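Enquirer: Predicted model, plus sequence, below.
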Amino acid sequence: MTETQDIKRIVVCSAVGGVGRTTITVNLAALLAKENITVSVIDADLQFGDIALAFDLQPSLTIKDAAERNDKENIYFYMMDHASSVKVLPAPDRPEFAELISPDFLSAIIDRLEDNTEIMLVETQAGLTDMNIQLMEQADLILVVSTPAMAALKNSKLMIETLDLLGIKDKAHLVINRFTTQTVIRPKNIPELTNMEQIIFLPLVDKQMEQSLDIGIPFVTSHPKASFTKELEKAIGDLLHLKENKKIKSKSKLGFLHHIRLKGTEQGG
Ligand SMILES: Nc1ncnc2c1ncn2[C@@H]1O[C@H](COP(=O)(O)OP(=O)(O)OP(=O)(O)O)[C@@H](O)[C@H]1O
Ligand SMILES: [Mg+2]
(Lines give C-alpha, C1' and ligand atoms only; values in the text may rest on other atoms or scores of the structure.)
(Ligands and ions follow the chains in the order given, each with its own letter.)
Protein backbone atom coordinates (compact mmCIF):
# COMPACT_ATOMS: atom_id res chain seq x y z
CA MET A 1 0.00 0.00 0.00
CA THR A 2 0.99 3.57 -0.54
CA GLU A 3 2.36 5.36 2.50
CA THR A 4 -0.24 8.06 2.70
CA GLN A 5 1.04 10.11 5.62
CA ASP A 6 3.13 12.58 3.67
CA ILE A 7 1.59 13.00 0.28
CA LYS A 8 2.61 16.35 -1.10
CA ARG A 9 3.27 15.68 -4.75
CA ILE A 10 0.59 14.05 -6.83
CA VAL A 11 1.22 13.25 -10.48
CA VAL A 12 -1.80 12.69 -12.71
CA CYS A 13 -0.80 10.73 -15.80
CA SER A 14 -2.18 8.28 -18.33
CA ALA A 15 -1.01 5.94 -21.04
CA VAL A 16 -3.36 7.40 -23.65
CA GLY A 17 -4.93 10.82 -24.11
CA GLY A 18 -8.45 12.02 -23.53
CA VAL A 19 -9.17 9.85 -20.48
CA GLY A 20 -9.72 12.60 -17.91
CA ARG A 21 -6.34 13.77 -16.57
CA THR A 22 -7.29 17.44 -16.76
CA THR A 23 -10.74 16.79 -15.31
CA ILE A 24 -9.31 14.90 -12.37
CA THR A 25 -6.46 17.34 -11.73
CA VAL A 26 -8.71 20.40 -11.76
CA ASN A 27 -11.42 18.84 -9.63
CA LEU A 28 -8.98 17.42 -7.08
CA ALA A 29 -7.41 20.86 -6.79
CA ALA A 30 -10.80 22.49 -6.26
CA LEU A 31 -11.79 19.93 -3.61
CA LEU A 32 -8.56 20.37 -1.69
CA ALA A 33 -8.72 24.16 -1.91
CA LYS A 34 -12.24 24.04 -0.52
CA GLU A 35 -10.73 22.47 2.59
CA ASN A 36 -8.31 25.40 2.90
CA ILE A 37 -5.36 23.35 1.79
CA THR A 38 -2.84 25.34 -0.25
CA VAL A 39 -2.73 23.75 -3.67
CA SER A 40 -0.50 24.40 -6.65
CA VAL A 41 -1.26 22.90 -10.03
CA ILE A 42 1.51 22.55 -12.57
CA ASP A 43 0.44 21.95 -16.14
CA ALA A 44 3.21 19.67 -17.36
CA ASP A 45 1.20 18.66 -20.40
CA LEU A 46 3.63 21.00 -22.07
CA GLN A 47 2.37 20.83 -25.66
CA PHE A 48 -1.38 20.83 -25.28
CA GLY A 49 -2.07 21.56 -21.63
CA ASP A 50 -5.44 23.08 -20.85
CA ILE A 51 -5.45 23.48 -17.08
CA ALA A 52 -5.64 27.29 -17.37
CA LEU A 53 -8.61 26.94 -19.70
CA ALA A 54 -10.35 24.57 -17.31
CA PHE A 55 -9.99 27.21 -14.58
CA ASP A 56 -11.07 30.00 -16.96
CA LEU A 57 -7.72 31.76 -16.57
CA GLN A 58 -6.07 33.79 -19.33
CA PRO A 59 -2.37 33.64 -18.54
CA SER A 60 -0.02 36.36 -19.67
CA LEU A 61 2.96 34.39 -18.39
CA THR A 62 3.53 30.63 -18.48
CA ILE A 63 6.15 28.09 -17.51
CA LYS A 64 7.81 28.89 -20.85
CA ASP A 65 8.64 32.43 -19.67
CA ALA A 66 10.12 31.06 -16.46
CA ALA A 67 12.17 28.51 -18.42
CA GLU A 68 13.47 31.12 -20.87
CA ARG A 69 14.72 33.20 -17.97
CA ASN A 70 15.80 30.10 -16.06
CA ASP A 71 13.91 31.68 -13.18
CA LYS A 72 13.19 29.02 -10.59
CA GLU A 73 13.44 31.27 -7.59
CA ASN A 74 10.51 33.50 -8.52
CA ILE A 75 8.26 30.83 -9.90
CA TYR A 76 5.21 32.26 -8.11
CA PHE A 77 5.55 35.31 -10.35
CA TYR A 78 4.57 33.08 -13.31
CA MET A 79 1.59 31.48 -11.59
CA MET A 80 -2.04 32.56 -11.60
CA ASP A 81 -4.47 32.60 -8.70
CA HIS A 82 -7.83 31.04 -9.31
CA ALA A 83 -10.79 32.27 -7.29
CA SER A 84 -10.75 28.96 -5.40
CA SER A 85 -7.24 29.96 -4.19
CA VAL A 86 -5.62 27.24 -6.32
CA LYS A 87 -2.36 28.48 -7.85
CA VAL A 88 -1.78 27.46 -11.45
CA LEU A 89 1.44 27.32 -13.42
CA PRO A 90 0.15 27.27 -17.00
CA ALA A 91 1.61 25.25 -19.86
CA PRO A 92 3.18 27.19 -22.75
CA ASP A 93 0.67 28.76 -25.08
CA ARG A 94 2.15 27.05 -28.14
CA PRO A 95 3.25 23.41 -28.57
CA GLU A 96 6.64 24.30 -30.07
CA PHE A 97 7.63 25.96 -26.78
CA ALA A 98 7.41 22.68 -24.89
CA GLU A 99 10.98 21.79 -25.75
CA LEU A 100 12.22 24.89 -23.91
CA ILE A 101 11.31 23.21 -20.63
CA SER A 102 13.75 20.56 -19.47
CA PRO A 103 12.90 17.81 -16.99
CA ASP A 104 15.48 19.26 -14.62
CA PHE A 105 13.92 22.72 -14.76
CA LEU A 106 10.52 21.22 -13.98
CA SER A 107 11.97 19.26 -11.08
CA ALA A 108 13.66 22.35 -9.72
CA ILE A 109 10.37 24.28 -9.86
CA ILE A 110 8.60 21.52 -8.00
CA ASP A 111 11.25 21.59 -5.28
CA ARG A 112 10.95 25.36 -5.07
CA LEU A 113 7.16 25.30 -4.81
CA GLU A 114 7.17 22.73 -2.07
CA ASP A 115 8.00 25.32 0.58
CA ASN A 116 4.72 27.18 0.17
CA THR A 117 2.38 24.47 -0.99
CA GLU A 118 0.70 21.75 0.97
CA ILE A 119 -0.30 19.73 -2.06
CA MET A 120 1.07 19.96 -5.56
CA LEU A 121 -0.78 18.44 -8.48
CA VAL A 122 1.07 17.85 -11.73
CA GLU A 123 -0.71 16.84 -14.90
CA THR A 124 1.64 15.19 -17.38
CA GLN A 125 1.17 14.68 -21.06
CA ALA A 126 -0.15 11.26 -22.04
CA GLY A 127 2.36 8.44 -22.39
CA LEU A 128 5.72 7.56 -20.97
CA THR A 129 8.43 10.11 -21.66
CA ASP A 130 11.66 10.82 -19.81
CA MET A 131 10.03 13.87 -18.30
CA ASN A 132 6.96 11.97 -17.16
CA ILE A 133 9.10 9.27 -15.59
CA GLN A 134 11.17 11.84 -13.75
CA LEU A 135 7.98 13.48 -12.46
CA MET A 136 6.62 10.12 -11.36
CA GLU A 137 9.85 9.23 -9.59
CA GLN A 138 9.63 12.52 -7.68
CA ALA A 139 5.97 12.02 -6.78
CA ASP A 140 4.49 10.73 -3.54
CA LEU A 141 1.40 9.51 -5.32
CA ILE A 142 0.88 8.62 -8.98
CA LEU A 143 -2.65 8.56 -10.36
CA VAL A 144 -2.77 6.57 -13.59
CA VAL A 145 -6.02 7.55 -15.28
CA SER A 146 -7.81 5.26 -17.71
CA THR A 147 -11.25 4.73 -19.10
CA PRO A 148 -12.78 1.27 -18.77
CA ALA A 149 -12.34 0.59 -22.49
CA MET A 150 -10.22 -2.39 -23.52
CA ALA A 151 -7.61 -0.43 -25.51
CA ALA A 152 -7.08 2.12 -22.73
CA LEU A 153 -6.85 -0.66 -20.13
CA LYS A 154 -4.34 -2.62 -22.20
CA ASN A 155 -2.10 0.44 -22.51
CA SER A 156 -2.57 1.32 -18.83
CA LYS A 157 -1.41 -2.18 -17.98
CA LEU A 158 1.77 -1.63 -20.03
CA MET A 159 2.33 1.65 -18.24
CA ILE A 160 1.81 0.05 -14.83
CA GLU A 161 4.23 -2.75 -15.75
CA THR A 162 6.81 -0.08 -16.58
CA LEU A 163 6.22 1.59 -13.22
CA ASP A 164 6.79 -1.81 -11.65
CA LEU A 165 10.09 -2.22 -13.49
CA LEU A 166 11.11 1.23 -12.32
CA GLY A 167 10.26 0.28 -8.73
CA ILE A 168 7.57 2.95 -8.33
CA LYS A 169 4.39 0.93 -8.75
CA ASP A 170 3.70 0.95 -5.01
CA LYS A 171 2.87 4.62 -5.02
CA ALA A 172 0.54 4.31 -8.00
CA HIS A 173 -3.24 4.06 -8.04
CA LEU A 174 -5.30 3.37 -11.10
CA VAL A 175 -8.25 5.71 -11.64
CA ILE A 176 -10.96 4.26 -13.83
CA ASN A 177 -12.82 7.32 -15.06
CA ARG A 178 -16.16 7.45 -16.88
CA PHE A 179 -17.36 4.19 -15.36
CA THR A 180 -21.05 3.28 -15.71
CA THR A 181 -23.23 0.33 -14.85
CA GLN A 182 -23.45 -0.28 -18.61
CA THR A 183 -19.67 -0.65 -18.90
CA VAL A 184 -18.97 -4.05 -20.45
CA ILE A 185 -15.83 -4.68 -18.39
CA ARG A 186 -16.77 -5.37 -14.78
CA PRO A 187 -14.84 -3.89 -11.83
CA LYS A 188 -13.79 -7.34 -10.66
CA ASN A 189 -11.96 -7.94 -13.96
CA ILE A 190 -9.94 -4.74 -13.88
CA PRO A 191 -7.18 -5.86 -11.46
CA GLU A 192 -6.38 -8.80 -13.73
CA LEU A 193 -6.60 -6.71 -16.91
CA THR A 194 -4.31 -4.01 -15.57
CA ASN A 195 -2.10 -5.83 -13.12
CA MET A 196 -3.18 -3.34 -10.46
CA GLU A 197 -5.09 -3.78 -7.21
CA GLN A 198 -5.31 -0.16 -6.08
CA ILE A 199 -8.21 1.18 -8.08
CA ILE A 200 -10.51 4.20 -7.81
CA PHE A 201 -13.71 4.32 -9.85
CA LEU A 202 -15.20 7.62 -11.00
CA PRO A 203 -18.55 7.70 -12.75
CA LEU A 204 -19.42 8.99 -16.18
CA VAL A 205 -21.25 12.28 -15.95
CA ASP A 206 -23.56 13.58 -18.65
CA LYS A 207 -22.84 16.69 -20.65
CA GLN A 208 -22.23 18.74 -17.49
CA MET A 209 -18.63 17.59 -17.23
CA GLU A 210 -17.77 18.86 -20.67
CA GLN A 211 -19.66 22.07 -19.95
CA SER A 212 -17.67 22.59 -16.76
CA LEU A 213 -14.42 22.52 -18.77
CA ASP A 214 -15.96 24.90 -21.31
CA ILE A 215 -17.18 27.44 -18.78
CA GLY A 216 -14.08 27.09 -16.62
CA ILE A 217 -15.77 26.16 -13.34
CA PRO A 218 -14.65 22.87 -11.80
CA PHE A 219 -17.46 20.32 -11.82
CA VAL A 220 -17.08 19.65 -8.08
CA THR A 221 -17.69 23.36 -7.42
CA SER A 222 -20.84 23.59 -9.52
CA HIS A 223 -22.11 20.10 -8.58
CA PRO A 224 -21.11 19.46 -4.95
CA LYS A 225 -23.65 16.70 -4.46
CA ALA A 226 -23.07 14.77 -7.69
CA SER A 227 -21.83 11.20 -7.46
CA PHE A 228 -18.60 12.12 -9.30
CA THR A 229 -17.88 14.72 -6.60
CA LYS A 230 -18.69 12.31 -3.78
CA GLU A 231 -16.53 9.55 -5.24
CA LEU A 232 -13.59 11.88 -5.82
CA GLU A 233 -13.93 13.26 -2.28
CA LYS A 234 -13.95 9.76 -0.88
CA ALA A 235 -10.96 8.71 -2.95
CA ILE A 236 -8.80 11.66 -1.98
CA GLY A 237 -9.96 11.35 1.61
CA ASP A 238 -8.83 7.74 1.67
CA LEU A 239 -5.53 8.53 -0.01
CA LEU A 240 -4.56 11.51 2.08
CA HIS A 241 -4.45 10.44 5.67
CA LEU A 242 -3.51 13.95 6.51
CA LYS A 243 -1.54 14.43 9.65
CA GLU A 244 -3.15 15.92 12.73
CA ASN A 245 -1.35 19.19 12.15
CA LYS A 246 -2.84 19.69 8.69
CA LYS A 247 -5.70 21.64 10.14
CA ILE A 248 -8.85 22.66 8.41
CA LYS A 249 -8.81 26.34 9.15
CA SER A 250 -12.52 26.92 8.82
CA LYS A 251 -14.03 24.98 11.70
CA SER A 252 -17.55 26.02 10.79
CA LYS A 253 -17.35 24.21 7.45
CA LEU A 254 -16.13 20.75 8.22
CA GLY A 255 -15.55 18.78 5.05
CA PHE A 256 -14.33 15.34 4.17
CA LEU A 257 -10.85 15.93 5.51
CA HIS A 258 -12.33 16.50 8.92
CA HIS A 259 -13.45 12.90 8.87
CA ILE A 260 -9.96 11.78 8.00
CA ARG A 261 -8.64 13.69 10.96
CA LEU A 262 -11.18 12.05 13.19
CA LYS A 263 -10.28 8.66 11.82
CA GLY A 264 -6.60 9.35 12.47
CA THR A 265 -7.41 10.37 16.03
CA GLU A 266 -9.46 7.25 16.64
CA GLN A 267 -6.49 5.19 15.46
CA GLY A 268 -4.25 7.11 17.80
CA GLY A 269 -2.42 8.71 14.80
N1 LIG B 1 -16.24 11.38 -15.53
C2 LIG B 1 -16.52 11.98 -16.68
N3 LIG B 1 -17.78 12.01 -17.17
C4 LIG B 1 -18.04 12.61 -18.34
N5 LIG B 1 -17.16 13.22 -19.11
C6 LIG B 1 -15.89 13.23 -18.68
C7 LIG B 1 -15.50 12.63 -17.46
N8 LIG B 1 -14.15 12.81 -17.30
C9 LIG B 1 -13.74 13.50 -18.38
N10 LIG B 1 -14.77 13.75 -19.21
C11 LIG B 1 -14.71 14.44 -20.50
O12 LIG B 1 -13.81 13.74 -21.33
C13 LIG B 1 -13.05 14.64 -22.13
C14 LIG B 1 -11.58 14.42 -21.87
O15 LIG B 1 -11.30 14.78 -20.53
P16 LIG B 1 -9.95 15.52 -20.14
O17 LIG B 1 -9.70 16.68 -21.03
O18 LIG B 1 -10.00 15.73 -18.69
O19 LIG B 1 -8.93 14.35 -20.49
P20 LIG B 1 -7.36 14.41 -20.65
O21 LIG B 1 -6.85 13.06 -20.30
O22 LIG B 1 -6.82 15.56 -19.90
O23 LIG B 1 -7.23 14.68 -22.22
P24 LIG B 1 -5.95 15.17 -23.04
O25 LIG B 1 -5.12 13.93 -23.30
O26 LIG B 1 -6.56 15.72 -24.30
O27 LIG B 1 -5.24 16.19 -22.23
C28 LIG B 1 -13.54 16.05 -21.77
O29 LIG B 1 -14.48 16.46 -22.71
C30 LIG B 1 -14.18 15.85 -20.40
O31 LIG B 1 -15.22 16.77 -20.20
MG1 LIG C 1 -5.54 17.18 -20.39
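Expert: Looks like it arrived, so ask away. Just so you know, these numbers come straight off a predicted model, no measurement behind them. Ligands and ions are numbered 1, 2, ... in the order given.
Enquirer: so where is this protein shaky, pLDDT-wise?
Expert: 1-5, 242-269 (pLDDT under 70).
Enquirer: What segments of it are helices?
Expert: 21-34, 51-54, 63-68, 103-113, 130-138, 150-165, 190-194, 208-215, 219-222, 227-239, 256-266 (DSSP state H).
Enquirer: Is the longest one in proximity to ligand 1?
Expert: In this case it means helix 150-165. No: figure legend: helix 150-165 not in contact with ligand 1 (CB under 6 Å from any ligand atom); closest approach 10.2 Å. Bear in mind the C-beta positions are built from the backbone N, C-alpha and C, glycine included.
Enquirer: What is that helix packed up against?
Expert: Using 3 or more CB pairs under 8 Å, 6 or more residues apart in numbering; DSSP states H and E as the contact test, the elements touching helix 150-165 are strand 9-14, strand 141-146, strand 172-179, helix 190-194.
Enquirer: Ligand 1: which of those is closest?
Expert: For those, the distance to ligand 1 is smallest for strand 172-179, at 4.6 Å, taking CB to the nearest ligand atom.
Enquirer: and the stretch 101-250 of the chain, which residues reach ligand 1?
Expert: Contact residues (CB under 6 Å from any ligand atom) of the stretch 101-250 of the chain with ligand 1: A126, N177, R178, L202, L204, V205, M209, E210, L213, F228.
Enquirer: List buried residues within those residues.
Expert: The neighbour-count test (16 or more other CB atoms under 10 Å) marks A126, N177, R178, L202, L204, V205, M209, L213, F228 as buried among those.
Enquirer: For the first one, give me phi and psi.
Expert: Which is A126. phi -70, psi 150 (degrees, to the nearest 10).
Enquirer: Reformat the helices and strands packed on helix 150-165 into JSON lines and put distance to L166 next to each item.
Expert: As requested, these are exported to JSON lines (distance: least, CB to CB, whole Å):
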{"stretch": "strand 9-14", "distance to L166": "13"}
{"stretch": "strand 141-146", "distance to L166": "10"}
{"stretch": "strand 172-179", "distance to L166": "10"}
{"stretch": "helix 190-194", "distance to L166": "17"}
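Enquirer: Out of these, flag the one nearest L121.
Expert: In terms of CB to CB, the element of the helices and strands packed on helix 150-165 nearest to L121 is strand 9-14, at 5.1 Å.
Enquirer: ok, that closest one near ligand 2 or not?
Expert: No: using CB under 5 Å from the ion, strand 9-14 never reaches ligand 2; the gap is at least 8.7 Å.
Enquirer: Give me the angle between that strand and helix 227-239.
Expert: Interaxial angle, strand 9-14 versus helix 227-239 (axes from the mean of the first three to the mean of the last three CA atoms, to 10 degrees): 130 degrees.
Enquirer: who's in contact with the closest residue in space to D130 that isn't next to it in sequence?
Expert: In this structure, D130 finds its nearest non-sequential neighbour in P103, 6.0 Å apart by CB to CB, 6 or more residues apart in numbering. Shown in contact with P103 (CB atoms under 8 Å, 6 or more residues apart in numbering): D130, M131, Q134, L135.
Enquirer: hmm, try it at 10 Å
Expert: A44, T129, D130, M131, N132, I133, Q134, L135, Q138 (CB atoms under 10 Å, 6 or more residues apart in numbering).
Enquirer: Verify the contact between the fifth one and I168 for me.
Expert: No: using CB atoms under 10 Å, N132 and I168 do not qualify as a contacting pair, with a distance of 11.5 Å.
Enquirer: Quickly list what A172 is bridged to.
Expert: I142 (DSSP bridges).
Enquirer: That one touches I10, doesn't it?
Expert: No: the pair A172 / I10 is not scored as a contact, 11.1 Å apart, by CB under 10 Å.
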